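# here is my input, please return the structure:
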Amino acid sequence: MYGSYGNGWMFGGGGMLLGSLWMILLWGVPLLLLFALLKYLFTKSSDNGTREGKQEKNTPLDILKSAYARGEISREEFLQKRDDLLEK
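Residues are numbered from 1 along each chain as shown. Model prediction:
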C-alpha cells in the first residue's frame, strides 16, 4: 500500500516487523520473569531448605568426633583413629 509519507510504503516499510517484536518483548519478558519467580518460590519451599548440592556432608573426622562424643569409642581409640585420619 502506498502512503502519503513519500517513501512509497505505509509505516516506513518495516513497521509491522518491529511492532511484532515489541509485542513479543512486552508480553514475553514479564511472563518469563513471572514463570522464573514462581519456579524459584515453589522449589525453595518444597525442599525445606536443603537444596540439592548444599546438603551438609560430614567428613570422616566429624563422624569420628561425634562417635567419641556419644561415648561409642574410648579416648585412646579416638586419638589413634584421629591420628590415622590426619596422616593422609
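
# low-confidence ranges in the protein?
1-17, 45-55, 88 (pLDDT under 70).

# okay, domains of it per the record?
Domain segmentation of the chain under automatic domain parsing yields 1-49, 56-88.

# now do stretch 81-88: everything it contacts.
Stretch 81-88 is contacted from outside by 60, 61, 64, 73, using C-beta atoms under 8 Å, 6 or more residues apart in numbering. C-beta here means a position set from N, CA and C on the backbone, and glycine is covered the same way.

# tally of neighbours for residue 64?
The local packing of residue 64 (other C-beta atoms under 10 Å) involves 19 other residues.

# from residue 27, how far out is it?
Separation of residue 64 from residue 27 (C-beta to C-beta, to the nearest Å) stands at 58 Å.

# host element of residue 63?
Using DSSP states H and E, residue 63 falls within helix 60-69.

# show me what counts as buried in that helix.
For helix 60-69, a neighbour-count test (16 or more other C-beta atoms under 10 Å) marks 64, 68 as buried.

# mind listing the helices for this structure?
Applying DSSP state H to the chain gives helices spanning 15-46, 60-69, 75-87.

# who are the packing partners of the first one?
In this case it means helix 15-46. Using 3 or more C-beta pairs under 8 Å, 6 or more residues apart in numbering; DSSP states H and E, no helix or strand is in contact with helix 15-46.

# from residue 76, how far off is residue 60?
18 Å.

# cool, and residue 67?
From residue 67 to residue 76 the distance is 13 Å (C-beta to C-beta).

# and what of residue 59?
Applying C-beta to C-beta, the value for residue 59 to residue 76 is 21 Å.

# same thing with residue 56?
29 Å.
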